[in-house]
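>>> Generate coordinates for the sequence data below:
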Amino acid sequence: MRKHILKARCNTVHLGGFSHKLEPALIINSGDRIDVETYTGYYLYDRAPREFLTPEFLEICHHLPAERKVGVGPHLLTGPIYINDAKPGDVLEIILENIYPSLPMGFNSIRPGWGALPEQFTEAKLNFIPLDLEKKIAEFPLNSGIKIPLQPFFGILGVATENTQRSSIPPGIYGGNIDCRELQVGSRIFLPVFVPGGLFSIGDGHSAQGDGEINVTAIETSMNGTIQIKVRQDLQLIFPMAETSTDIISFGFGNTLDAAFELALKQMISWLENFVGLSAEDAYSLCSIAVNFHITQVVNNPHKGVHGMLPKSILPAINSII
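Numbering: from 1, shown residues only. Here you go, the predicted structure:
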């Protein structure tokens, strides 16, 4: 097991999407740990205050090679990371050991045509939000007295697929732009592998977000962290799952909230059948009795997201997803 450092540089980040043709930013073995650096705000750096900028980030904004621009999304991702021995049909287990804002400034923006109420909020608005990293709070609006606790997480945790290019905006079976605020320090996410090496990428740091992410952004933040990646050849998953210290999480993504909810429910039922040994009927009933379903996000077109949370405390002798 080795420890790696993956800085965000022109040859270790990619913009706008995922592609299995990208040159890996790092090659690791299963079980290795990585200190990873990510940046956000590629398309608005020229309007940002100095607290939001570093020389390395500006170098990326000015000189990112054309071959590292692989989709129409706004997200700057660090990776991809190639994991030796990972092959299609395997599962990547990503353990989120540490997550923290690297700069004392984030932003939130209203984008015309996006968000939960695009016909009502038609004017663009960009707010840069100072972060008190010592007290772990942000005040918004400024001087309002409203203090928001910082609860950092990575909005995007995803792998490449056989598609040559894929936008970073919608989530899917590959993970991607999940935007689930439950995936904080101590969580694990499990992603199916579709191409050799997995080609995992990470980014879209959020210092705080409400379920739904309704205006299309959270407090978007350049974020650093420590992750461990394991290849799980003993698992068979066709859709992302996750685990926190308290809950098992299923995900559903669809063109409507109804479709996303139905898929999240079916994934939870499947997990209860495969890992707890319940019948489908009992699992369905248990979901009605004990599983809490939340709107993950409603803005990552064309897919909305729903996640189901099953308290681990009710499960006898089960302390993890496996």
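
>>> Am I right that K266 sits in a strand?
No: under DSSP: H, G, I helix; E, B strand; the rest coil, K266 falls outside any strand and is assigned helix.

>>> give the contact list for it.
Residues near K266 by CB atoms under 8 Å, 6 or more residues apart in numbering: G252. The way it works is simple: take the backbone N, C-alpha and C, and place the C-beta from them, glycine included.

>>> before we move on, what about G225?
By CB under 8 Å, 6+ apart, G225 lies in contact with 35-36, 38, 96-100, 154, 202.

>>> Same check on F52?
By CB under 8 Å, 6+ apart, the neighbours of F52 are 41, 45, 103, 105-107, 128, 222.

>>> returning to that earlier point: can you tell me which of the contacts of G225 is nearest V291?
Nearest to V291, judged by CB to CB, of those is L96 at 22.3 Å.

>>> before we move on, which element is the closest one in?
L96 is located in strand 91-101, with elements delineated by DSSP states H and E.

>>> Put the alpha carbons of that strand into PDB.
In PDB, the C-alpha atoms belonging to strand 91-101 read as follows (Å, rounded to 0.1, in the frame of the first residue of the first chain):
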ATOM      1  CA  VAL A  91     -16.400  -2.500  -8.300                       C
ATOM      2  CA  LEU A  92     -14.300   0.400  -7.000                       C
ATOM      3  CA  GLU A  93     -14.600   1.200  -3.300                       C
ATOM      4  CA  ILE A  94     -13.700   4.800  -2.700                       C
ATOM      5  CA  ILE A  95     -13.100   5.600   1.000                       C
ATOM      6  CA  LEU A  96     -13.400   9.300   1.800                       C
ATOM      7  CA  GLU A  97     -10.900   9.800   4.600                       C
ATOM      8  CA  ASN A  98     -10.500  13.600   4.600                       C
ATOM      9  CA  ILE A  99     -12.200  16.500   2.800                       C
ATOM     10  CA  TYR A 100     -11.400  20.100   3.400                       C
ATOM     11  CA  PRO A 101     -11.700  23.500   1.500                       C
END
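
>>> got the contact list for the least confident helix or strand in the chain by mean pLDDT?
Ranked by mean pLDDT, DSSP states H and E, the helix or strand of the chain with the weakest confidence is strand 166-167, at a mean of 94. Contacts with strand 166-167, where a contact means CB under 8 Å, 6+ apart, come from 16-19, 71-73, 160, 174, 176.
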